[in-house]
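Engineer: Let's see this in three dimensions:
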Amino acid sequence: MNSYFKELILNVFIPLLLAIIFLFNNVTHAAEENKKPNIVLILMDNFGYGEIGVYGGGAIRGAPTPNIDSLAHEGFQLTNYNVEAECTPSRASLMTGRQSIRTRLRKEAPPRNPWYGITKWEHTLAELLSEAGYTTGLFGKWHLGDTEGRFPTDQGFDEWWGLPRSSDRAYWPDSSSFQADLDINLMHVMSAKRGEEPKKLEVYGRQKRATIDREITDRAINFIERKVTKEEPFFVYIPYTQTHTPHDPHPNSRGKTGNGDFADILAQTDEYIGDLLSTIEDQGIKDNTIVIFTSDNGGYGGIEREGFNGPWRGSLFTSYEGSHRVPFLIRWPNKIPARQISNEIVHAMDIYGTLAAMLDLEMPKDRVMDSADHSRFLMGKSKKSARESIVYYISNEIVGVKWRNWKMLFKELERIGEPVISGIDPAIYNLLKDPQEQERLRHYIQDTWVEIPLYRALEEHQESIASDPGAPGP
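Structural biologist: The predicted structure follows:
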């Protein structure tokens, strides 16, 4: 090769090739950066704060939870994530970004009980994401409406397979004492695609109860794989049916831990989460997928009841922390710093606004939105969350308010069916000094100033509710 061609290769072709490679890498990187992240939202049912390893459970509950724990090791763990005391209000606030009481404010309609769900005019997280180009799927328990126009596929989901209501609304026709001559509207597993009328599938009996969470997992995995093949950004909502009663492990899991049905269910749940996480990794989408693991409310807890709410007093349906404070883990590699833990206050209704901010989406402006944006906090740009207070409801009644580490309760209910403790003065607890909420006024005596921010948070909420016009549309 003569010197002319050598110089041409060294001075022209090689620099040009390097420039093309550099440009290609930058374009590819920019395309990856601008790609919409997938979202996997896993919601447990009546699952207590103390069930999984990173919250003090796992092995001490008879079932280590390494797969769920890995989300904390690779992401952010909240120790002060709050929900409503009941399944439906909790899911309503999660899906709408609003205090669940707001969906029951229609002035022209009869009073709504807390199991009513959400109305047709609510704008769900699924609708927000669908409008932004996401394909959306729900596999599991809905419990936010089971009449025409209020199924998941009417509220933003492209496809759904699962239960319309809660497991305690099943009438268990395979019970040994079931009276077969009764005319009972039994619950069925249902499925639908957007624009279709939901179909009733098999009856939801105890046999199906034991296997349904496995099938929820398999269908969610199938959805993920289909969307990756089509290169479509997706939102998959996976509301499992466990650990709601009755506790029926899958036949493949029963007896596996040797520590009883509840431990078997914890072990199988960790296995299912492991299957989901493995799918995300195997599909090559781990770095571009937000994974959230949480619960709709605390566990049962207490004497003669399964479930563990960690250091907190009370169980679901009560006014204490065991009802309202549940696990929350979020992972988004290279966006949310790993191994973070915080006791800052976050509420289920904040997931809507936080995801909207992370994806640069606009929230609705035609209604009151209560959702706080914690994107800077979760992504390591702020040590403080965007929320300092929460107002607590049970049914349609305000029972308390929390501000920072202080809590004021007007009614104290510790377990379902037990009498309400109600004094002339509200109980005021310092949750750092008295996490079991045992000494109603001890820490308040020298800190009477705390009434000011507590009542201020309550009054601001009440004013917002009083001025809420209700339905923004039909």
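Engineer: where along the chain do the helices fall?
Structural biologist: 3-8, 14-34, 66-74, 87-96, 125-131, 206-229, 261-282, 321-324, 350-358, 375-378, 451-466 (DSSP state H).
Engineer: Would you reformat the ones you listed as CSV and include distance to Ala59 and mean pLDDT?
Structural biologist: The way it works is simple: take the backbone N, C-alpha and C, and place the C-beta from them, glycine included. Shown next, in CSV, are these (distance: least, CB to CB, whole Å; pLDDT from 0 to 100):
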stretch, distance to Ala59, mean pLDDT
helix 3-8, 68, 59
helix 14-34, 38, 53
helix 66-74, 10, 98
helix 87-96, 28, 96
helix 125-131, 34, 98
helix 206-229, 22, 97
helix 261-282, 10, 98
helix 321-324, 21, 96
helix 350-358, 29, 98
helix 375-378, 28, 98
helix 451-466, 38, 97
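Engineer: neighbours of Trp449, just the number please.
Structural biologist: Counted with other CB atoms under 10 Å, residues neighbouring Trp449 total 9.
Engineer: and the gap between Ile336 and Lys141?
Structural biologist: 27 Å (CB to CB, to the nearest Å).
Engineer: now Glu362
Structural biologist: 29 Å.
Engineer: Equivalent analysis for Val203, please.
Structural biologist: Distance from Val203 to Lys141, by CB to CB: 16 Å.
Engineer: Repeat that for Gln462.
Structural biologist: Distance from Gln462 to Lys141, by CB to CB: 32 Å.
Engineer: The two: who's more crowded?
Structural biologist: Lys141 (26 against 12).
Engineer: Isn't that one up against Gly162?
Structural biologist: Yes. Under the criterion of CB atoms under 8 Å, Lys141 makes contact with Gly162 at 5.9 Å.
Engineer: pLDDT-wise, which helix or strand of the chain ranks last?
Structural biologist: Within the chain, no helix or strand scores below helix 14-34, which has a mean of 53 by mean pLDDT, DSSP states H and E.
Engineer: contacting residues around stretch 166-179?
Structural biologist: Contact partners of stretch 166-179, identified using CB atoms under 8 Å, 6 or more residues apart in numbering, comprise 45, 87-88, 141, 143, 180, 184, 186-187, 203-207, 209, 241, 244-246.
Engineer: Show me just the buried residues among these.
Structural biologist: 45, 87-88, 141, 143, 187, 203-205, 209, 241, 244 (16 or more other CB atoms under 10 Å).
Engineer: pretty sure Val450 contacts Tyr444?
Structural biologist: Yes. Contact criterion CB under 8 Å: Val450 and Tyr444 qualify, at 6.5 Å.
Engineer: and for those two, which residues touch both?
Structural biologist: In contact with both Val450 and Tyr444: Ile428, using CB under 8 Å, 6+ apart.
Engineer: which of the two has more neighbours?
Structural biologist: Using other CB under 10 Å, the more surrounded residue of Val450 and Tyr444 is Tyr444, with 21 against 18.
Engineer: For the more buried one, which non-adjacent residue is closest in space?
Structural biologist: Ile428 (4.0 Å; CB to CB, 6 or more residues apart in numbering).
Engineer: What is the burial count for that neighbour?
Structural biologist: Residues near Ile428, counting by other CB under 10 Å: 22.
Engineer: give me every residue that touches it.
Structural biologist: 406-409, 440-441, 443-444, 450-451, 454.
Engineer: Beta-bridge partners for the closest residue in space to Glu439 that isn't next to it in sequence, please?
Structural biologist: Spatial nearest neighbour of Glu439, excluding adjacent residues (CB to CB, 6+ apart): Tyr429 at 7.5 Å. On DSSP bridges, the residues paired with Tyr429 through beta bridges are Lys407.
Engineer: how close does Tyr429 sit to Pro435?
Structural biologist: As defined by CB to CB, Tyr429 lies at a distance of 9 Å from Pro435.
Engineer: And the two? Which one has more around it.
Structural biologist: For Tyr429 versus Pro435, neighbours defined as other CB under 10 Å are more numerous around Tyr429 (28 against 16).
Engineer: how much space between the more buried one and Ser395?
Structural biologist: Applying CB to CB to Tyr429 and Ser395 gives a distance of 22 Å.
Engineer: just for the stretch 301-450 of the chain, where's the confidence low?
Structural biologist: 302-304, 414-424 (pLDDT under 70).
Engineer: Report the separation between Ala348 and Phe157.
Structural biologist: 18 Å.
Engineer: wait, Phe234
Structural biologist: 11 Å.
Engineer: overlap in contacts of these two?
Structural biologist: In contact with both Phe234 and Phe157: 136-137, using CB under 8 Å, 6+ apart.
Engineer: quick one, which of the two is more surrounded?
Structural biologist: Phe157 (26 against 23).
Engineer: got the contact list for that one?
Structural biologist: Neighbours of Phe157 in contact, by CB under 8 Å, 6+ apart: 126, 130, 136-138, 194, 237.
Engineer: hmm, try it at 6 Å
Structural biologist: By CB atoms under 6 Å, 6 or more residues apart in numbering, the residues touching Phe157 are 126, 136, 138.
Engineer: Pretty sure Lys208 is one of the things Asp248 touches, is it not?
Structural biologist: No. Using CB atoms under 6 Å, Asp248 makes no contact with Lys208, being 9.3 Å away.
Engineer: Hmm, Ser323 is touching Asp296, no?
Structural biologist: No. Taking contacts as CB under 6 Å, Ser323 lies outside contact range of Asp296: 10.9 Å.
Engineer: re the thing from before, okay, and which of the contacts of stretch 166-179 map to strands?
Structural biologist: 141, 203 (DSSP state E).
Engineer: Show me the one of the helices of the chain that comes nearest Met369.
Structural biologist: Each of the helices of the chain has some distance to Met369 by CB to CB; the shortest is helix 350-358, at 6.9 Å.
Engineer: could you give the angle of that closest one to helix 87-96?
Structural biologist: 10 degrees (axes from the mean of the first three to the mean of the last three CA atoms, to 10 degrees).
Engineer: got the buried residues for helix 350-358?
Structural biologist: Here helix 350-358 shows 350-358 as buried, counting by 16+ other CB under 10 Å.
Engineer: can you list these in TSV and add distance to Ala170?
Structural biologist: Listed next are the buried residues of helix 350-358 as TSV, based on distance: CB to CB, whole Å:
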residue	distance to Ala170
Asp350	32
Ile351	28
Tyr352	29
Gly353	34
Thr354	34
Leu355	32
Ala356	35
Ala357	38
Met358	37
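Engineer: How about the residue lying closest to Ser191 once chain neighbours are set aside: which residues does it bridge to?
Structural biologist: Leaving out its chain neighbours, the residue that sits closest to Ser191 by CB to CB, 6+ apart is Trp161, at 4.4 Å. When assigned by DSSP bridges, Trp161 has beta-bridge partners Phe139, Ser191.
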